[in-house]
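**Q** whatever this is, show me its structure:
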Amino acid sequence: MRMKIVPDVIGKQNLILVKPEITVREAANLMTTHKIGAVMVGSETDLIGIFTERDIAFKVVAGGRDPEKVKLTEVMTKDPDTLRPEDTAHDALQRMSQRGYRHLPVVDDSGRVVGMVSIRDIYGAVLRELSDELSDREAFIQGSAGYGLN
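**A** Residues are numbered from 1 along each chain as shown. Next comes the predicted model:
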């Protein structure tokens, strides 16, 4: 897996960055609207946290807290691990597997947030890579696409 996080795994994303003062309900509504499992908390140049669907389940619902009143700053994961755009899908998969993450923000060397990668993104990229590799092998075996015996 030599695919880089940007652009191979995630291309141009619509960044969803929220302020730490919004409520869990507001964040959940944004996540529902955008069909995403996590939001990044902070600004484009100052990532301070991540809030995920697991946080809703474990820290809010299971904790008996009111999503209308709880602010993200109270339940988000502060100072989350991040990936760099040039990290590979393998780097992301390894970190996600070792630490139990499903989402990792992607931040460039200047500290600017460029996206978020999910385990689903990694899974899709790996499937595409395997499919391409199988097609190449099949073409080689069949003698097409410039491969074959002369």
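
**Q** mean pLDDT per helix and strand in the protein: which one sits at the bottom?
**A** The weakest-scoring helix or strand in the chain, judged by mean pLDDT, DSSP states H and E, is helix 119-142 (a mean of 84).

**Q** and the strands in the protein, which stretches?
**A** With strands called from DSSP state E, the chain shows them at 17-18, 38-43, 46-52, 77-78, 103-107, 113-118.

**Q** list the contacts for the residue positioned nearest the centre of the chain?
**A** By C-alpha atoms, centre = their mean, the chain has its centre lying nearest to residue 117, at 1.8 Å. Residues near residue 117 by C-beta atoms under 8 Å, 6 or more residues apart in numbering: 5, 9, 10, 83, 92, 103, 104, 106. Placement of C-beta: from N, CA and C, glycine included.

**Q** show me what the fourth one is bridged to.
**A** This points to residue 83. Residue 83 has these beta-bridge partners by DSSP bridges: residue 106.

**Q** correct me, but it touches residue 104?
**A** Yes: the pair residue 83 and residue 104 passes the contact test of C-beta atoms under 8 Å, sitting 5.1 Å apart.

**Q** intersection of neighbour lists for the two?
**A** 92, 95, 117.

**Q** gap between the residue nearest to residue 46 when sequence neighbours are not counted and residue 9?
**A** What sits nearest to residue 46 in space, not counting adjacent residues and going by C-beta to C-beta, 6 or more residues apart in numbering, is residue 111, at 7.3 Å. Note on residue 111: its distance to residue 9, by C-beta to C-beta, to the nearest Å, is 20 Å.

**Q** more neighbours: which of those two?
**A** Higher neighbour count among residue 111 and residue 9: residue 9, with 26 against 11, using other C-beta atoms under 10 Å.

**Q** for the more buried one, give me the pLDDT.
**A** The model reports residue 9 with a pLDDT of 90.

**Q** list the contacts of it.
**A** 3, 89, 92, 117, 121, 122, 125.
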